[in-house]
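> Could you look at this predicted model? Sequence included:
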Amino acid sequence: MTRIKTFTKESGYDFILRGINLTKLIFIVGLVIRLVLIVFAEWQDANMLVKYTDIDYVVYTDASRAVVNGLSPYDRSTYRYTPLLAYLLVPNILIHPAFGKLLFVICDMIIAYLLKGILLERFPKISARTLLICLASWLLNPFSINVSTRGNAESVIGAMVLATFYFLTKKNLTLASIFYGLSVHFKIYPIIYSIPMYLYIDENFFSKKPSEYSSLNNNFKNIFKNFFNKNRLKFFFISAFTFISLTFIMYLIYGYIFLFETYLYHVIRADNRHNFSVYFYQIYLNTPIVETVGDLVGKVNGSNMIVALASFLPQVILLLAITLVYFNDLEFCLLLETITFVAFNKVCTVQYFIWYYSILPLVIPSSSLGLIQYIILFAVWMGSQGLWFYSAFNLEFLGLQTFWNIWVAGLLFFIANIYILVKLILNHNPIKVNPYIKLK
């Protein structure tokens, strides 16, 4: 017989099945799976031609080795991250090469903990079963498991973004601001969350419960009337100070190469490999044939620069529209913005999917989609990638010219993402808040 233990401050929302606490068990299972894969990765990397470990992890480790040797992490070509990441992974050199993977797995578990905390604050009447499903959608997600255990650092930035939201729900504006500034320094993409977070922090921020925010109660006149309230300004200045301070310190240490590799490169980045983007084929056709140094200097900044800059226009328009409609449903707003940003970006890789998978559990309680419908959407999303992976395999391993096929597959993947976006919007149920609640 299934027994559901109701909420108390001591026990939390726990789903109990035949005496087994599945809510706690899922944390253990998620952790064990990840640890087993880290150990398996060591064996596969040592004994098989195809490595389990992501090439990005090799780049991180080489950059950390440069730091240990008193050199710049940017002495390692293709290291395009903040030096803080190289510092975090110094134990890869001093202790064990798998330390970083363990760190990323710990961040996975921190994300799960933060998700649970946010869900309980945002949806205080959430059922134990729904909470279990929300946590399972992250802890047992094959993408999050694979990305972290292969050694990609996306879980670190995911933990920072969710820590920002977590402390917003806990009404700790200072810590929320610090984590947000840190997240933008660590990787520039969370800057897209700045406007919805800023608008979310209204003049009643400290007197409203997280469960009292709803897009049904958006007051657009009030947005501009109190645009510069003290709560918003505190968030802005502390987060900006955190970002600028860290960035300035790193600039003093490493100079312009830090700014270019960490931030500016991603503005003009144009990948003609491993790219799901609808801009892939245009980028491929505009990739210059480099035969001399003169070609390298003269051709790189041509048509791809135009594509890079033009691709931002639909992103900006859509992100602003989503913000104005859903900023009071912050978790839903962040998810829509992330999916939109990734789908319309000129570069789209598997690692980017973690950005929205870490937010997805937060919108499940307010959606009318059932478990079967989520599974169907996931199947559509995965199925749309099948042609892409097949074409990419033919290109990378068989040497066949399948660039056009990859682009067509990218278009199908884009359509699938837009379809999922529309389904999420149509099935979203904002929290119904009593309009007569008096706020200070």
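Alright, I've got the coordinates. Numbering: from 1, shown residues only.
> Quick one: the helices in the stretch 51-200 of the chain, in order.
Shown for the stretch 51-200 of the chain, the helices assigned by DSSP state H, counting those that start in this stretch span residues 55-68, 83-88, 91-94, 99-122, 128-139, 142-149, 154-169, 173-186, 194-200.
> do you know which of those lies nearest residue 354?
helix 154-169 (4.1 Å; C-beta to C-beta). From N, CA and C alone the C-beta is placed, and that goes for glycine too.
> can you give me how far the closest one is from the chain middle?
Chain-centre distance of helix 154-169: 9 Å, with C-alpha atoms, centre = their mean, to the nearest Å.
> likewise stretch 244-257?
Per C-alpha atoms, centre = their mean, the centroid offset for stretch 244-257 relative to its chain is 24 Å.
> Likewise for stretch 89-102?
With C-alpha atoms, centre = their mean as the basis, stretch 89-102 stands 23 Å off its chain's centre.
> hmm, back to that, kindly present the helices of the stretch 51-200 of the chain as TSV, with separate columns for mean neighbour count and mean pLDDT.
Below are these laid out as TSV (neighbours: other C-beta atoms under 10 Å; pLDDT from 0 to 100):
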stretch	mean neighbour count	mean pLDDT
helix 55-68	20	95
helix 83-88	19	96
helix 91-94	16	96
helix 99-122	21	96
helix 128-139	20	94
helix 142-149	20	93
helix 154-169	24	96
helix 173-186	22	97
helix 194-200	20	95
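> Just put those helices in JSON lines and tack on distance to residue 47.
Shown next, in JSON lines, are the helices of the stretch 51-200 of the chain (distance: least, C-beta to C-beta, whole Å):
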{"stretch": "helix 55-68", "distance to residue 47": "17"}
{"stretch": "helix 83-88", "distance to residue 47": "28"}
{"stretch": "helix 91-94", "distance to residue 47": "21"}
{"stretch": "helix 99-122", "distance to residue 47": "18"}
{"stretch": "helix 128-139", "distance to residue 47": "29"}
{"stretch": "helix 142-149", "distance to residue 47": "17"}
{"stretch": "helix 154-169", "distance to residue 47": "27"}
{"stretch": "helix 173-186", "distance to residue 47": "34"}
{"stretch": "helix 194-200", "distance to residue 47": "46"}
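> can you pull out the helices in the stretch 201-350 of the chain?
With helices called from DSSP H, counting those that start in this stretch, the stretch 201-350 of the chain shows them at 220-225, 230-254, 256-259, 265-268, 280-285, 293-299, 303-310, 312-326, 330-343.
> With only the CA atoms kept, save the last one in CSV.
Presented in CSV, the C-alpha positions along helix 330-343 are these (Å, rounded to 0.1, in the frame of the first residue of the first chain):
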residue,chain,number,x,y,z
LEU,A,330,9.8,33.4,-12.9
GLU,A,331,10.5,29.7,-13.2
PHE,A,332,8.4,29.5,-16.3
CYS,A,333,9.9,32.6,-17.7
LEU,A,334,13.4,31.4,-17.2
LEU,A,335,12.6,28.1,-18.9
LEU,A,336,11.0,29.7,-21.9
GLU,A,337,13.8,32.1,-22.3
THR,A,338,16.4,29.4,-22.1
ILE,A,339,14.7,27.2,-24.7
THR,A,340,14.2,30.2,-27.0
PHE,A,341,17.8,31.4,-26.6
VAL,A,342,19.2,27.9,-27.3
ALA,A,343,16.9,27.2,-30.2
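> helix or strand right after that helix?
helix 353-357 (DSSP states H and E).
> which other residues reach that following helix?
Helix 353-357 is contacted from outside by 137-138, 141, 143-144, 147, 152, 154-155, 157-158, 189, 335, 338-339, 342, using C-beta atoms under 8 Å, 6 or more residues apart in numbering.
> Skip ahead from it and say which helix or strand is next.
Helix 353-357 is succeeded, C-terminally, by helix 371-396 (DSSP H and E).
> Show me what that following helix is packed up against.
If you count contacts as 3 or more C-beta pairs under 8 Å, 6 or more residues apart in numbering; DSSP states H and E, helix 371-396 packs onto helix 403-426.
> Low-confidence stretches in the stretch 201-350 of the chain?
268-276, 280-310 (pLDDT under 70).
> try 50 this time
Where the stretch 201-350 of the chain drops to pLDDT under 50, the residues are 289-300.
> returning to what we had before: closest to residue 240 out of the helices of the stretch 51-200 of the chain?
The nearest among the helices of the stretch 51-200 of the chain, by C-beta to C-beta, is helix 173-186 at 6.7 Å.
> And the nearest residue to residue 412 once chain neighbours are set aside, what's its pLDDT?
Distances taken as C-beta to C-beta, 6 or more residues apart in numbering put residue 384 closest to residue 412, at 4.9 Å, once the chain neighbours are dropped. The per-residue pLDDT reported for residue 384 equals 81.
> now the one 4 residues further on
Turning to residue 388, the model gives it a pLDDT of 75.
> Run through the residues that contact it.
Contacts of residue 388 by C-beta under 8 Å, 6+ apart are 276, 406, 409-410, 412-413.
> Reformat those as TSV; add neighbour count.
Putting these into TSV (neighbours: other C-beta atoms under 10 Å) gives the following:
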residue	neighbour count
276	26
406	25
409	22
410	23
412	15
413	22
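> Kindly tell me how buried the residue nearest to residue 412 is, as a neighbour count.
When neighbours are defined as other C-beta atoms under 10 Å, residue 384 has 21 of them.
> Make 25 the first number, not 1, from now on.
All set: I'll call the first residue 25, so the last point we hit is now residue 408.
> got the contact list for it?
433, 436-437, 439-440.
> how does it look with 10 Å?
300, 433-441, 443-444 (C-beta atoms under 10 Å, 6 or more residues apart in numbering).
> how near is it to residue 437?
5 Å (C-beta to C-beta, to the nearest Å).
> And residue 415, by the same measure?
For residue 415, the distance to residue 437 - C-beta to C-beta - is 11 Å.
> quick check, nearest of the contacts of residue 408 to residue 389?
Nearest to residue 389 among the contacts of residue 408, with distances taken as C-beta to C-beta, is residue 444, at 18.1 Å.
> if I look at that closest one, how far off is residue 413?
For residue 444 relative to residue 413 (C-beta to C-beta), the value is 19 Å.
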